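Enquirer: show me how the following folds:
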Amino acid sequence: MIKFFAMISRMKYINRWSLMRNEHSENLCEHSFDVASISHALAVIGNRRFGKNYNAERCAALGLYHDAPETLTGDMPTPVKYYSDEVRNAYKSVEEYACDSLLSMLPEDLREDFVPLFVKQEGDLELWKLVKAADKISALIKCIEERRSGSGEFDKAAESTRNALLEMGVPEAKVFIDEILPAYDLTLDELKS
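Expert: Prediction:
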């Protein structure tokens with residue numbers, strides 16, 4: 001019996017932003033879809049605007065599975081996860097164990113195709129940087145949505161996330177921020193017109 005996919009489907013039960021008062025709760029499944037689609041967009045932007053040769057579909061797959069270990073660990077709030085080097089290293093060990101546990105739920109003949117989605121491969125380092133940027137963009141979008149719902153709870157998170165994103169120096173992310181992100185402030189009628 002293959003248990004991997006049933007475990008991955010439980011991403012919908014893991015809520016994010018647990019330390020914040022949310023007007024709309026966001027689960028890990030929603031977030032992973034956003035990160036996958038944004039990762040794909042960043043790779044396409046890199047290819048079209050910056051002469052890169054990214055595998056956009058692979059980047060989307062990395063984004064889709066980037067938080068899958070959290071089905072076993074839960075979503076650790078950022079202030080806790082990065083509190084100190086000791087906590088960060090301990091969490092990294094727990095996350096590696098969760099990756100190994102998930103991969104062990106696959107039969108041997110399928111596992112080799114999934115390992116590179118969970119264990120960073122040297123050839124994918126540029127793609128992982130795009131996924132990290134997409135992860136931050138997804139967080140920034142969440143902050144925008146919360147602000148639009150009337151919550152000021154995410155104002156500081158929006159500012160620090162935007163700054164961290166710009167400090168990453170990913171030109172594809174800058175294009176997304178400048179040209180795509182403003183549309184997230186529009187109403188449905190404005191989007192349709």
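Enquirer: show me where the protein has helices.
Expert: With DSSP state H as the criterion, the chain has helices at 4-8, 28-49, 56-65, 70-73, 78-81, 85-103, 108-118, 125-148, 155-167, 171-175, 188-192.
Enquirer: how about the residue nearest the centre of the chain, nearest residue that isn't a chain neighbour?
Expert: Central residue of the chain (C-alpha atoms, centre = their mean): Asp135, 3.2 Å from the mean position. Counting by C-beta to C-beta, 6 or more residues apart in numbering, Asp135 lies nearest to Val35, which is 5.3 Å off, once chain neighbours are set aside. Every C-beta, even on glycine, is put in place using the N, C-alpha and C of the backbone.
Enquirer: want to throw the helices of the chain into TSV with distance to Asn15 and mean pLDDT?
Expert: TSV is the format used below for these (distance: least, C-beta to C-beta, whole Å; pLDDT from 0 to 100):
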stretch	distance to Asn15	mean pLDDT
helix 4-8	16	95
helix 28-49	8	97
helix 56-65	19	97
helix 70-73	10	87
helix 78-81	14	67
helix 85-103	17	85
helix 108-118	22	94
helix 125-148	12	95
helix 155-167	16	91
helix 171-175	26	98
helix 188-192	25	91
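Enquirer: nearest to Asn22, of those helices?
Expert: Asn22 lies closest, by C-beta to C-beta, to one member of those: helix 125-148, at 6.8 Å.
Enquirer: that older thread, just checking, the residue nearest to the centre of the chain touches Leu64?
Expert: No. The pair Asp135 / Leu64 is not scored as a contact, 11.9 Å apart, by C-beta atoms under 8 Å.
Enquirer: what sits in contact with each of these two?
Expert: Residues touching both Asp135 and Leu64 (C-beta atoms under 8 Å, 6 or more residues apart in numbering): Val35.
Enquirer: gap between stretch 20-35 and the chain center?
Expert: Stretch 20-35 sits 10 Å away from the centroid of its parent chain (C-alpha atoms, centre = their mean, to the nearest Å).
Enquirer: next: stretch 18-26.
Expert: 17 Å.
Enquirer: quick one: mean pLDDT for that stretch?
Expert: Averaging pLDDT along stretch 18-26 yields 81.
Enquirer: span of that stretch from start to end?
Expert: 10 Å (C-alpha to C-alpha, to the nearest Å).
Enquirer: to Ser18, which of the helices of the chain lies closest?
Expert: helix 78-81 (9.6 Å).
Enquirer: wait, what's in contact with Trp17?
Expert: By C-beta under 8 Å, 6+ apart, the contact list for Trp17 reads 25-26, 75, 77, 142.
Enquirer: hmm, I was thinking of Ala36
Expert: By C-beta under 8 Å, 6+ apart, Ala36 lies in contact with 60-61, 63-64, 134.
Enquirer: the residues you listed: which two are farthest apart?
Expert: Longest span within the contacts of Ala36, C-beta to C-beta: Ala61 and Ala134, 12.4 Å.
Enquirer: more crowded one of these two?
Expert: The residue with more neighbours, out of Ala61 and Ala134, is Ala134; 30 against 19, by other C-beta atoms under 10 Å.
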